[in-house]
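Q: 3D model of this:
(3 chains)
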Amino acid sequence: MNKLLELNDVHIAYENTEVVKGVTYDLQAGEIGCLLGPSGCGKTTLLRAIAGFEPIRAGSIDLKQSTVSRPGKILAPEQRHIGMVFQDFALFPHLNVADNIGFGIADRPGKERRKRIESLLRLVELPDAGSLFPHQLSGGQQQRIALARALAPEPSLLLMDEPFSSMDVDLRESLAREVREILKREGTTALLVTHDQHEAFAMADRIAVMQTGLIQQWDTAFNLYHTPANRFVAGFIGQGALLPVVRDNRGRLISELGPIPVVGTEVSKTGNMEILLRPDDVVRQPDGVTTQVIGKAFRGADILYRLRLQSGTEILYITHGRDNFPLGETLSVGLDLDHTVLFPVAESV
Amino acid sequence: MEVATHRTSDRTALHRPGFWQAGVLLSALVLALPVFTVFSFIFVPAGEVWSHLAETVLADYLSNSALLVLGVAFGVLLLGIPTAWVIAVYDFPGRRFFEWSLLLPLAIPAYIIAYTYTGLLDFAGPLQTGLRDSFGLEGGDYYFPEVRSLGGAVIMLSLVLYPYVFMMARSSFLGQSSSTLEAGRALGAGPLRIFLSIALPLARPAIVTGLSLALMETLADYGTVQYFGISTFTTGIFRTWFGLNDSAAAAQLAALLMSFVFILILMEHYSRRRQRFFQTGGRHHHPLHHPLRGWQRYAAFAICVTPLAFGFLIPAGQLLVWSLSIAEEAIDLSFLQLAGNSLLLASAAAIFTLILALFLGYGQRLHPSKPVAIAVRFSAMGYAIPGTVIAVGVMLPFAWFDNTLDEWMRGTFDLSTGLLLSGTVFALLFSYAVRFLAVSLQSVESGLSKITPNMDDAARSLGLAPGKVLRRIHLPMMRGALLTAMLLVFVDVLKELPATLILRPFNFNTLAVRAYELASDERLADSSIAALSIVVVGIVPVILLSRAIRKSGDTHE
Amino acid sequence: MRKRSLSINLLLAILIAAASLSSTAFAAKEVNLYSARKEALIKPLLDRFSAQTGIQVNLVTGKADALLKRLQLEGRNSPADLLITTDAGRLYRAKSAGVTQSVSSLKLRDTIPAAYRDPEGHWFGLSLRARPIIYVKGKVSADELSTYEALADPKWAKKICIRSSGNIYNQSLVASMLSHDGKDETQVWADSLMKNLARKPKGGDRDQIKAAAGQCDIAIANTYYLGKMVKGKDPSQQAAAEKVAIFWPNQSDRGAHVNISGVTLTRAAKNRANAIRLMEFLVTPESQSWYAEANYEYPVREGVEWSDLLKQWGSFKADQLNLAKLGQNNAAAVRIMDRAGWK
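A: Below you'll find the model as predicted:
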């Protein structure tokens, strides 16, 4: 195993509030990881701790098999050989693009430095921008320069703090894919922090979903979507609905939409449960259950419908853009599951 | 960045370009009148005085003034920047105290600190006497640096003027995006390199602003250099005017001095233009203030305590000792009268100057044009001109107006109006405005630059009338800047001497006048109570000023 | 009659009101004074005058040149009735500027010796300020000293302290030498004197006396500064003053250099009678002895008893040169000092 970054039960607190409550996590060399979560979940704090800007209260952070942070000891950020891309890019406004990129490699001989700057400018596809100043660049261009600057010293790890949050949506995903290509080409290990799942999906190999200071699940994008570990992940990633499920006296699971085939997951034997239904788990069936269309969102290639069952429970259904039903229309639907995600119903609710 | 050319459709007078242009141009010209008056003497033939000056003393004036300016520039940067940096970025014992107390030397007039240190350090002073007594030395047996020298003047002026640099640099450091600095660290730069290659260049425009204020005041200083026996431009002006009795040549010297000042002003203006690009839009501001440990804490403490001790504690302490020695006989009711006059004058001047600065600042912002810009620059030149020269520049046109009007009234109605403006408190306030407009304008302009034209537009689109935009958007956003402008002028007027001395009405004295009269009569101890009162009255606004800066630093976007 | 606009009418009304206001001010029983003497050194006398006569004295103090400039610019509307200066040069300059007028008061003329008033009655001396040589007892003996001129002797190399040439007292001293010795001789004297300085000129007269406690053997200073040091409360200054003694120079020829503080009636004076009353009051024996008591100056009036300290310093022969000469020669004196490199 070639672990580049290892977090071991990391706790971080401001004053008396614990923001990160015991995170264990690692990144392989060359891997692109992601910390995904809503604001306030502790992901940015964790990233800053990895960079060396925040001390940790318990646990340890190892970089290339050597401990860089533990309680009471912290290696200064400038000694970690880590690259960082900031949310606001944090380009130095008084330096031109070339000098910005060259900032971290000031100790290299002039010729080598110039070559490195040139090749990075080509890498981010702004070969002629060297003499421009940051304020003369568009947001997307500034982003790429910030990336080039962070990559210049060939850091062993690149940290990115919400790097695309100030881009418009169109640009966001394409830039994220572009950045991923650049990182893979350079073979850079990177860790991204974001609240946007599309950004995470587009960039990362593996994603850690965080909430309230803890990692809830750590997996590939596909698995997070299809087999979320808990209700939070299920709700945070993708869209879906929860449908109550009861066990009949023969031990079968029955929902309002009919019996549930148990596929892929072990099912707990006791208590009431709910099944996670993704929009693509629902199909039209002539002999299915009658539902009513109560909402729809036209999305071009497809349409996402909100359907109400007789019990009042709402589920989601997605179909291609030509199947245009008016609100109030009755649809007959059934289930098409290739795996089953069940959560026990919380007692108190 | 483009300046907003308002494409609004309203037709209120306030938004008509003509109103602003004419108004601003007119006020700027009136304020520049004293400067123009002095400049007009360029065309008066000064005869052969110039060849006498050139042969004998001119080189001295030039080189001493240049050395003084260079030395003070070095001194105020050395004292102002490191203090501002450690206070903005680190946490160490006493940081909160130093935040405001480092501004205190502003409250001490330069000539007072010069008198005080001379009293302490000269041959017959306690320090040298003590040295001689304890080591059994005689005069001439040992080396002791002479306070009353060019170097001494540089130190004295640096000690009381560094707060300008400190103040500007600190608020600039506080406003810097923390992620910009962190980006530098992530790229492998240590604290020193971060400071030198990121924070310092980013703060440069602000530092240049502070520096130019300090240097303008240095060029205008008369009390210190005169007492120390250093021939500078300022002392040269008076010598030529009074000693050689040649007011034309004196005015020409003053005009030459003003040209240097104009260069300073251009420099400052240029650096502010660049500043617009430099505004770093830091979105997350973590409370920086990294705690320091071990010896670093003591180092930071020492960096801050040094200017405070030499610029304030020691001189104020000496003044206090002197005051106590004569307290019982020297304090009487007339002192309250003096303090009242000083307070009233300083407050009125601060408000008056602020209103003018706001008017000029807004005029420039709303309807920028070359002539307006030039006129405004000219009107701000008074800061570097010795108060006496300003005073004469004020008296000349005012007296001309009074006497011309009087002549006409006598001719037409057989009535004499006498002197309507000359010798009034208004003339005094006007000359303060001329002298200190630069300080006020500088704060107002930097406050205005934080408000982007989009904010105006946003507020207007939300249904706010222009007046309300001013009250609900600009006023809260500029609060810090406006307070700074007022308080700086307040403290400056409190200390101001030469113009007050010449222009004040009958039976009207201030603390500065009292302190000066006694000190110039070489009665240092007797003058100490008045001097100390200036310091005490000045401390309150200095503390307020510091709080205002902290607040505006916290809300800096 | 042409129609005037409302605003012009309004303005005129205000002006007329202002005019009547200022003319009522003239009627008051008062006198307005511009004084280059510091408030502390004139106000007690003025208060005494007001108490005796019921005439209120309004005072602005300031530097003589600035006050003179103000007087000039204000012209015939100037509120000032009197100008007091602390040297004759400025009085001469005020007269040349045409802002003074002649006073033919017998009281003044008979009291004040001719040398200390303007021949045409434009200004009058009020007190005498002598500028003798001050030497350190023990280091210099009085036998070695004779005249101002003799201070140029190389034997005094690095021994003399004197303040800067920007100061009017030095300018007057050189102006007086210019009258007696001529331009060339005075230039040579100034050049040589510079070589004899123990240190660069700096500080005031009091500083020269203080420096005499160690840095130099001889200082040139006005006597009243020494008086204030002797009578002051600062023990270190008292100690410094103890070490020195006064030498009256040029006693065998023209006498020691003196200057005056003096008064002139302005041309614009509106309270002429009151102003002359004040002038006369200032030379009454009572006022004259006050100068000596309060500020250790010499009375300009003969026969007024000196204070103990002045008696202790001894009587002396004063230069009888008419002080108008000091004013005439002032600019030339400054040039000599400039050329000599007298800072």
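
Q: only C-alpha atoms for contact and neighbour calcs from this point on.
A: Fine.

Q: Tell me the spatial nearest neighbour of residue B:98, not counting adjacent residues.
A: Distance criterion CA to CA, 6 or more residues apart in numbering or on different chains; nearest residue to residue B:98, sequence neighbours excluded, is residue B:304 at 6.8 Å.

Q: lowest-pLDDT helix or strand in chain B?
A: helix B:453-461 (a mean of 69; mean pLDDT, DSSP states H and E).

Q: Which helix or strand lies directly C-terminal to that one?
A: Counting by DSSP states H and E, the next helix or strand C-terminal to helix B:453-461 is helix B:466-469.

Q: Strands of the stretch 51-200 of chain C, residue ranges please.
A: For the stretch 51-200 of chain C, strands defined by DSSP state E, counting those that start in this stretch occupy the ranges C:56-61, C:82-85, C:100-101, C:123-130, C:133-136, C:160-161.

Q: Now render these as CSV, adding distance to chain A.
A: Listed next are these as CSV, based on distance: least, CA to the nearest CA, whole Å:
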stretch, distance to chain A
strand C:56-61, 53
strand C:82-85, 59
strand C:100-101, 64
strand C:123-130, 64
strand C:133-136, 64
strand C:160-161, 55
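
Q: quick one, which of those is nearest to chain B?
A: Chain B lies closest, by CA to the nearest CA, to one member of the strands of the stretch 51-200 of chain C: strand C:56-61, at 5.0 Å.

Q: helices or strands up against that closest one?
A: strand C:30-35, helix C:43-53 (3 or more CA pairs under 8 Å, 6 or more residues apart in numbering or on different chains; DSSP states H and E).

Q: Nearest to residue B:233 among these would be which one?
A: Closest of these to residue B:233 is strand C:30-35, at 27.1 Å (criterion: CA to CA).

Q: avg pLDDT for that closest one?
A: In this model, strand C:30-35 carries a mean pLDDT of 94.

Q: Now do the buried residues in the helix ranked longest in chain B.
A: If you go by DSSP state H, chain B has its longest helix at helix B:333-366. Neighbour counts using 16 or more other CA atoms under 10 Å in any protein chain shown place B:335, B:338-339, B:341-343, B:345-366 of helix B:333-366 among the buried residues.

Q: what number of residues lie near residue A:59?
A: When neighbours are defined as other CA atoms under 10 Å in any protein chain shown, residue A:59 has 17 of them.

Q: by contact count, what packs against the helix or strand containing it?
A: In this assignment (DSSP H and E), residue A:59 forms part of strand A:58-63. Packing partners of strand A:58-63 (3+ CA pairs under 8 Å, 6+ apart): strand A:3-14, strand A:66-70.

Q: neighbouring strands for that strand, and are they parallel or not?
A: Here strand A:58-63 has these sheet partners by DSSP bridges: strand A:3-14 (antiparallel), strand A:66-70 (antiparallel).

Q: Any idea which of the ones you listed gets closest to residue A:153?
A: Of all the strands paired with strand A:58-63, it is strand A:3-14 that lies closest to residue A:153, at 17.1 Å by CA to CA.

Q: Quick one: closest of the helices and strands packed on strand A:58-63 to residue C:38.
A: strand A:3-14 (63.9 Å).

Q: Run through who's touching whichever helix or strand comes after that closest one.
A: Once the chain leaves strand A:3-14, the next helix or strand it forms, by DSSP H and E, is strand A:17-28. Applying CA atoms under 8 Å, 6 or more residues apart in numbering or on different chains, the contact partners of strand A:17-28 are A:1-13, A:33, A:41-42, A:45-46, A:58-59, A:189, A:212-215.

Q: which among those end up buried?
A: Buried, going by 16+ other CA under 10 Å: A:4-13, A:33, A:41-42, A:45-46, A:58-59, A:189, A:212-215, out of those.

Q: related to what we said a few turns ago, a markdown table for the helices and strands packed on strand A:58-63, including mean pLDDT?
A: As requested, the helices and strands packed on strand A:58-63 are exported to a markdown table (pLDDT from 0 to 100):
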| stretch | mean pLDDT |
| --- | --- |
| strand A:3-14 | 91 |
| strand A:66-70 | 91 |
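
Q: Tell me the spacing between residue A:202 and residue A:196.
A: For residue A:202, the distance to residue A:196 equals 10 Å [CA to CA, to the nearest Å].

Q: right, and the helices and strands packed on strand A:58-63 - which one's nearest residue C:342?
A: Set against residue C:342 and scored by CA to CA, the helices and strands packed on strand A:58-63 come closest in strand A:3-14, at 68.1 Å.

Q: Now do the closest one and strand A:17-28, the angle between them.
A: If you take axes from the mean of the first three to the mean of the last three CA atoms, to 10 degrees, strand A:3-14 sits at 180 degrees to strand A:17-28.

Q: what's next to strand A:3-14, contact-wise?
A: A:18-29, A:45-46, A:55-65, A:189.

Q: Which of those residues are buried? Put it as a PyMOL command.
A: Buried subset of the contacts of strand A:3-14, written as a PyMOL selection, criterion 16+ other CA under 10 Å:
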select buried, chain A and resi 19+20+21+22+23+24+26+27+28+29+45+46+55+56+57+58+59+60+61+62+63+189
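
Q: Get me the contact residues on the stretch 251-400 of chain B for chain C.
A: Within the stretch 251-400 of chain B, the positions adjacent to chain C are B:388, B:392, B:395, B:396, B:399, B:400 by CA under 8 Å from any CA of the partner chain.

Q: Find the residue closest to the fourth one in space, skipping its chain neighbours.
A: Leaving aside its sequence neighbours, residue B:396 sits nearest to residue C:73 (CA to CA, 6+ apart; 6.2 Å).

Q: how far away is the one you found from residue B:393?
A: Taken as CA to CA, the span from residue C:73 to residue B:393 is 11 Å.

Q: Contacts only, for the residue in the stretch 1-150 of chain A positioned nearest to chain B.
A: Among all residues of the stretch 1-150 of chain A, residue A:78 sits closest to chain B, at 3.7 Å; criterion: CA to the nearest CA. Residue A:78 makes contacts with B:185, B:186, B:187, B:188, B:189, B:190, as judged by CA under 8 Å, 6+ apart.

Q: Pull out the buried positions in stretch B:149-157.
A: Neighbour counts over stretch B:149-157 (16+ other CA under 10 Å) mark B:149, B:150, B:152, B:153, B:154, B:155, B:156, B:157 as buried.

Q: Pairing partners for residue 247 in the sheet, please.
A: Because you didn't say which chain, this covers chain A. Beta-bridge partners, per DSSP bridges, of residue A:247: residue A:253.

Q: could you do chain C instead?
A: Residue C:247 has these beta-bridge partners by DSSP bridges: residue C:133.

Q: how about the residues of chain A near chain B?
A: A:51, A:53, A:77-86, A:88, A:90-94, A:103-104, A:135, A:150, A:153.

Q: again, but for the stretch 51-200 of chain C
A: C:58-63, C:65-67, C:69-70, C:73-75, C:77-78, C:164, C:166, C:168, C:171, C:200.

Q: make it 7 Å
A: Applying CA under 7 Å from any CA of the partner chain, we find that the stretch 51-200 of chain C lies next to chain B at C:58, C:59, C:60, C:62, C:65, C:66, C:67, C:73, C:74, C:77, C:164, C:166.

Q: Show me which positions of the helix or strand that contains residue C:292 end up buried.
A: If you go by DSSP H and E, residue C:292 is part of helix C:285-295. Buried positions in helix C:285-295, judged by neighbour count with 16+ other CA under 10 Å: C:285, C:287, C:288, C:289, C:290, C:291, C:292, C:293, C:294, C:295.

Q: Equivalent analysis for stretch B:294-306, please.
A: Of the residues in stretch B:294-306, B:297, B:300, B:301, B:303, B:304, B:305, B:306 count as buried by neighbour count, 16+ other CA under 10 Å.

Q: And for stretch A:248-265?
A: A:253, A:255, A:256, A:257, A:259, A:260, A:262.

Q: Lowest pLDDT pick from those?
A: Among those, residue A:262 has the weakest pLDDT, 69.

Q: Just the helices from the chain, written as ranges.
A: Let's take chain A. For chain A, the helices defined by DSSP H cover A:43-51, A:97-102, A:110-123, A:139-151, A:169-186, A:197-203, A:221-226, A:231-236.

Q: Switch to chain C, please.
A: Counting by DSSP H, the helices of chain C are C:6-27, C:43-53, C:64-74, C:88-96, C:106-111, C:168-181, C:183-195, C:205-211, C:223-231, C:235-242, C:272-282, C:285-295, C:308-313, C:324-340.
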